[in-house]
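*Asks:* curious how this folds, go ahead:
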Amino acid sequence: MFCSQTVEYKGVAMLERKKIFYWIIPMLLIVFLGNAVYATEQQETSKVKQSSALKEQFYLEDVVKIYVPSTYNVDQPIDNTPYVNKSLEEFSRMFGGATAIDGTGSWLSDDNQLVKEKVTIVYSYAEDLDKKKINQVVAYAKSLKEEMKQSSVSLEVNGKMYFIE
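*Replies:* Predicted structure coming up:
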């Protein structure tokens, strides 16, 4: 009796290990293939840069954007020109230059209504976007938020959106 229970237990344990093995193999394949595809895309991008007229050209990879609202105290419409000009000046000081573009942002309110707002996006490309410069940008975003009496100000760094509160 004891021997048959031991064999049965070992069989169950072996079956459990096989189940785990069947999950691990596909996961490893997905990770491996994903990395291979990413590496191939990076090589192709690199080859395009090396073989094109852009080969020897200077470029900047990092981009920082701040979304300047057109409201004061969350919902009072204002002319945001002074805040845009200040943002252009600050970003130019930090990164050597800046650009501003107008847009329209929207979101759903608590009562599921579409709220639209004019917004100006001030952005700069950066040569060396280090921790010190990120901290300067965040400090500026916090000061803009306070000055404009906003609940938060949107800051985008290399395609990732942050809500500075």
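*Asks:* strands of this protein, residue ranges please.
*Replies:* For the chain, the strands defined by DSSP state E cover 62-69, 71-72, 76-77, 99-108, 114-126, 153-157, 160-164.
*Asks:* closest to Glu146 out of the ones you listed?
*Replies:* strand 153-157 (9.4 Å; CB to CB). In this view, the C-beta of every residue, glycine as well, is placed from N, C-alpha and C.
*Asks:* partner strands of that closest one, with direction?
*Replies:* Looking at strand 153-157 with DSSP bridges, its partner strands are strand 62-69 (antiparallel), strand 160-164 (antiparallel).
*Asks:* now distance to Lys55 and mean pLDDT too, for the strands of the chain, in JSON lines please.
*Replies:* Shown next, in JSON lines, are these (distance: least, CB to CB, whole Å; pLDDT from 0 to 100):
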{"stretch": "strand 62-69", "distance to Lys55": "21", "mean pLDDT": "97"}
{"stretch": "strand 71-72", "distance to Lys55": "46", "mean pLDDT": "87"}
{"stretch": "strand 76-77", "distance to Lys55": "48", "mean pLDDT": "90"}
{"stretch": "strand 99-108", "distance to Lys55": "25", "mean pLDDT": "92"}
{"stretch": "strand 114-126", "distance to Lys55": "19", "mean pLDDT": "93"}
{"stretch": "strand 153-157", "distance to Lys55": "28", "mean pLDDT": "96"}
{"stretch": "strand 160-164", "distance to Lys55": "29", "mean pLDDT": "96"}
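*Asks:* now those in JSON lines, with distance to Asn135 and mean neighbour count?
*Replies:* Shown next, in JSON lines, are the strands of the chain (distance: least, CB to CB, whole Å; neighbours: other CB atoms under 10 Å):
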{"stretch": "strand 62-69", "distance to Asn135": "12", "mean neighbour count": "21"}
{"stretch": "strand 71-72", "distance to Asn135": "26", "mean neighbour count": "16"}
{"stretch": "strand 76-77", "distance to Asn135": "30", "mean neighbour count": "10"}
{"stretch": "strand 99-108", "distance to Asn135": "22", "mean neighbour count": "11"}
{"stretch": "strand 114-126", "distance to Asn135": "13", "mean neighbour count": "17"}
{"stretch": "strand 153-157", "distance to Asn135": "12", "mean neighbour count": "19"}
{"stretch": "strand 160-164", "distance to Asn135": "12", "mean neighbour count": "12"}
